[in-house]
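Engineer: A structural model of the following input is requested.
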Amino acid sequence: MGQEITSSNFSQGDFDDFARRLRQETDLLGQMLSDGAFDISGPVAGYELEAWLTDADGRPSPSNDRFLDRLDDPEVVAELALFNIELNGPPRELTGHALSRMQADLESRWNRCIEVASTMGLGLVAIGTLPTVERGDLCLANMSRLKRYQALNKQVLRLREGRPIEVDIEGRDSLKLQHEDVMMEAATTSFQLHMKVDARQAARYYNLSKMISAPMVALSANSPFLFGKQLWEETRIPLFEQAVSVGGSDYSRRVTFGVRYALNGIHEVFDANCRRYPVLLPTVSDTPPEEFAHLRLHNGTLWRWTRPLVGFSADGKPHIRIEHRSVSAGPSHADEMANAAFFFGLITALMRHENIEQRIPHIVARHNFYAAARCGMASAVEWLDGKEGGLRELLLQELLPLAREGLSLLDVDQADTEAYLHIIEQRLQTRQTGAQWQRHWVAKHGRDWRGLVLAYAENQSSGKPVHGWPI
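Structural biologist: As a prediction, this is how the structure comes out:
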């Protein structure tokens, strides 16, 4: 959803023309994939980190327009709300010291953001949902000044026929409310992982990314509180799904786990996008079909927790990337890169397992995902061949060794592998995710949301992984 558009007002002709071009590009994509015209080189890794600008009291500060002007970095961009920004890292071949270099890239850009924010009297926090955000902050006055966001809001409400957004989350507490626009989405920030893959194997990578979403969301859970309510370990999951819902069946939900694996190639996901989802932003371009401008814009308005993307490699050849969206922002950059190492290693190891989609059916992967979002590492899940057990035990006994095996297959530096997977192991041993640290802090200090955010920010600035944060 990073593409800006020229207008937020559309005619029926715009929708018709866009739909025609989208169909043409979707068919072309299928043909080019069949003809072997897509990049099949080794994996390349990347990331996007969403974060919050905060004031001295740890409250969201709607200042990203002024902040971005001062920062002047094209790789740091606006998000939906004026108090959110997104940091983009350069892609790196997934081998050798790629992971530690990705962390160095992230820390360098983050530190520059911190410096600029401090000149404005602001802070910067990476967290799934900021505990100090209030419903009144999530208003159109705090929407970033980009036409695509104005159009997104207008079109979602059009498809809802003017009905308000409904949020209904049952956790330890209960949250039910109605909201008049899509700004609830701004309360959900993530650390999105990108993996460019051999296009011939993209469907399997897509399926496996969905399959391992449950352990990923449990490991990275970091949003237990919203509007003073204690909800899911990763409240960001149900909140984002409901914040831009247009209602109806699974096929009309814009944020979704999906209904099945890709069985006959990655093209079927893009074909489903074209056939089943109404166009939201019909900005027509005169670019050649081979640039897939309409397909990419439409794909950017569908936020599957695992999403295939079309991009272009340095040599101009089109490629397929898998974007894994279930990982929360924070708590530390070391934690974020440990999550990335675990994901890249685990998915690589599982690619060697034949017929794994039959051994973990989609309905099981989906159930696991929502159980993990709700209960974190304490959830019970099914794994291979219907084997049931605790997710934490599965992670420690089976998945962590597989992640180590996968990083070895990628020829990732052994010291990097051990350092990052040690962080995952310690998080599992201590049971202290970002969500659990927040819960424990509140249990000790009470529901002092300002104090919680300031304590969280102080620990984050130390650079230490969350398993070692004091309460």
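Engineer: Please point out which parts of stretch 405-422 sit buried.
Structural biologist: Neighbour-count burial for stretch 405-422 flags 405-407, 410, 412-413, 416-417, 419-421 (criterion: 16 or more other Cβ atoms under 10 Å). For the C-beta atoms, the positions are set from N, CA and C on the backbone; glycine is no exception.
Engineer: One more: stretch 17-36?
Structural biologist: 18-19, 21-22, 25-26, 28-30, 32-33.
Engineer: just stretch 222-237 next, same as before
Structural biologist: Neighbour count says stretch 222-237 has 222-227, 229-237 buried, by 16+ other Cβ under 10 Å.
Engineer: which stretches of the stretch 251-400 of the chain form helices?
Structural biologist: 267-276, 293-299, 333-350, 356-359, 362-375, 391-394, 400-409 (DSSP state H, counting those that start in this stretch).
Engineer: Deepest-packed of the ones you listed, please.
Structural biologist: Most buried of the helices of the stretch 251-400 of the chain by mean neighbour count (mean count of other Cβ atoms under 10 Å) is helix 333-350; its value is a mean of 25.
Engineer: what is the mean pLDDT for it?
Structural biologist: The average pLDDT within helix 333-350 is 98.
Engineer: just stretch 462-471 next, same as before
Structural biologist: 97.
Engineer: For it, which residues meet the burial criterion?
Structural biologist: In stretch 462-471, counting by 16+ other Cβ under 10 Å, buried: 465-467, 469.
Engineer: Need the CA coordinates for it. PDB is fine.
Structural biologist: Provided in PDB are the C-alpha atoms of stretch 462-471 (Å, rounded to 0.1, in the frame of the first residue of the first chain):
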ATOM      1  CA  SER A 462      19.000  -0.200  26.000                       C
ATOM      2  CA  GLY A 463      19.000  -2.500  23.000                       C
ATOM      3  CA  LYS A 464      18.700  -5.600  25.300                       C
ATOM      4  CA  PRO A 465      16.300  -8.400  24.100                       C
ATOM      5  CA  VAL A 466      13.000  -8.500  25.900                       C
ATOM      6  CA  HIS A 467      13.700 -11.800  27.800                       C
ATOM      7  CA  GLY A 468      16.200  -9.800  30.000                       C
ATOM      8  CA  TRP A 469      14.000  -6.700  30.600                       C
ATOM      9  CA  PRO A 470      13.300  -6.100  34.300                       C
ATOM     10  CA  ILE A 471       9.800  -5.600  35.600                       C
END
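Engineer: Identify the residues contacting that stretch?
Structural biologist: Residues outside stretch 462-471 that contact it (Cβ atoms under 8 Å, 6 or more residues apart in numbering): 330-335, 338, 423, 426-427, 429-430, 432-434, 437, 440-441, 444, 459.
Engineer: and these, which are buried?
Structural biologist: Judged by 16+ other Cβ under 10 Å, buried ones among the contacts of stretch 462-471: 330-335, 338, 423, 427, 432-434, 437, 441, 459.
Engineer: Can you say which two of those residues are spatially most distant?
Structural biologist: Spatially, the most separated pair among the buried ones among the contacts of stretch 462-471 is Ala338 and Trp441, at 21.2 Å (Cβ to Cβ).
Engineer: Tell me what angle the longest strand anywhere in the chain forms with helix 333-350.
Structural biologist: What stands out as the longest strand in the chain, according to DSSP state E, is strand 44-54. On the basis of axes from the mean of the first three to the mean of the last three Cα atoms, to 10 degrees, strand 44-54 is oriented at 150 degrees to helix 333-350.
Engineer: Contacts for stretch 416-431, please.
Structural biologist: 97, 99-100, 219, 334-335, 337-342, 345, 377, 392, 395-396, 400, 403-404, 407-408, 433, 465-468.
Engineer: how does it look with 6 Å?
Structural biologist: For stretch 416-431, the external contacting residues (Cβ atoms under 6 Å, 6 or more residues apart in numbering) are 99-100, 338, 341-342, 392, 395-396, 404, 407, 465, 467.
Engineer: Which pair of these spans the longest distance?
Structural biologist: That would be Ser100 and Arg392, which, of the contacts of stretch 416-431, are the farthest apart (Cβ to Cβ) at 26.9 Å.
Engineer: What's the mean pLDDT across stretch 174-184?
Structural biologist: 96.
Engineer: meant to ask about stretch 163-171, not that
Structural biologist: Mean predicted confidence for stretch 163-171 is 94.
Engineer: Buried residues, it. List them.
Structural biologist: Here stretch 163-171 shows 165, 167, 169, 171 as buried, counting by 16+ other Cβ under 10 Å.
Engineer: Please apply the same query to stretch 115-130.
Structural biologist: For stretch 115-130, using 16+ other Cβ under 10 Å, the buried residues are 116-117, 122-130.
Engineer: and it, how far apart are its ends?
Structural biologist: Stretch 115-130 has an end-to-end distance of 21 Å (criterion: Cα to Cα, to the nearest Å).
Engineer: most centrally placed residue in the chain?
Structural biologist: Note on the chain: the residue nearest the mean C-alpha position is Arg325, at 2.5 Å, using Cα atoms, centre = their mean.
Engineer: quick one on the thing from earlier: for the longest strand of the chain, which helices and strands make contact with it?
Structural biologist: Using 3 or more Cβ pairs under 6 Å, 6 or more residues apart in numbering; DSSP states H and E, the elements in contact with strand 44-54 are strand 84-88, strand 123-125, strand 191-197.
Engineer: For the chain, which residues score under the pLDDT cut-off?
Structural biologist: 1-8, 247-252 (pLDDT under 70).
Engineer: Please enumerate the strands of it.
Structural biologist: Assigned by DSSP E, the chain shows strands spanning 44-54, 76-78, 84-88, 92-93, 123-125, 165-170, 174-179, 191-197, 225-226, 229-230, 306-312, 318-324, 380-382, 388-390.
Engineer: Next, format the ones you listed as TSV and append distance to Phe292.
Structural biologist: Formatted as TSV, these follow (distance: least, Cβ to Cβ, whole Å):
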stretch	distance to Phe292
strand 44-54	19
strand 76-78	21
strand 84-88	20
strand 92-93	24
strand 123-125	34
strand 165-170	31
strand 174-179	34
strand 191-197	15
strand 225-226	37
strand 229-230	42
strand 306-312	5
strand 318-324	7
strand 380-382	36
strand 388-390	42
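Engineer: and those, which is most packed in?
Structural biologist: strand 225-226 (a mean of 26).
Engineer: What strands line up against that one, and which way round?
Structural biologist: If you go by DSSP bridges, strand 225-226 pairs up with strand 229-230 (antiparallel).
Engineer: ok now do the residue nearest to the centre of the chain, which residues does it touch?
Structural biologist: For Arg325, the contact set (Cβ under 6 Å, 6+ apart) comprises 192, 305.
Engineer: ok, the spatially closest residue to Gly386 that is not a sequence neighbour to Ile114 distance?
Structural biologist: Closest residue to Gly386 apart from its sequence neighbours, by Cβ to Cβ, 6 or more residues apart in numbering: Val364 at 7.8 Å. From Val364 across to Ile114, the span is 42 Å (Cβ to Cβ, to the nearest Å).
Engineer: and of the buried residues of stretch 17-36, the nearest to Asp55?
Structural biologist: Nearest to Asp55 among these, with distances taken as Cβ to Cβ, is Phe18, at 40.6 Å.
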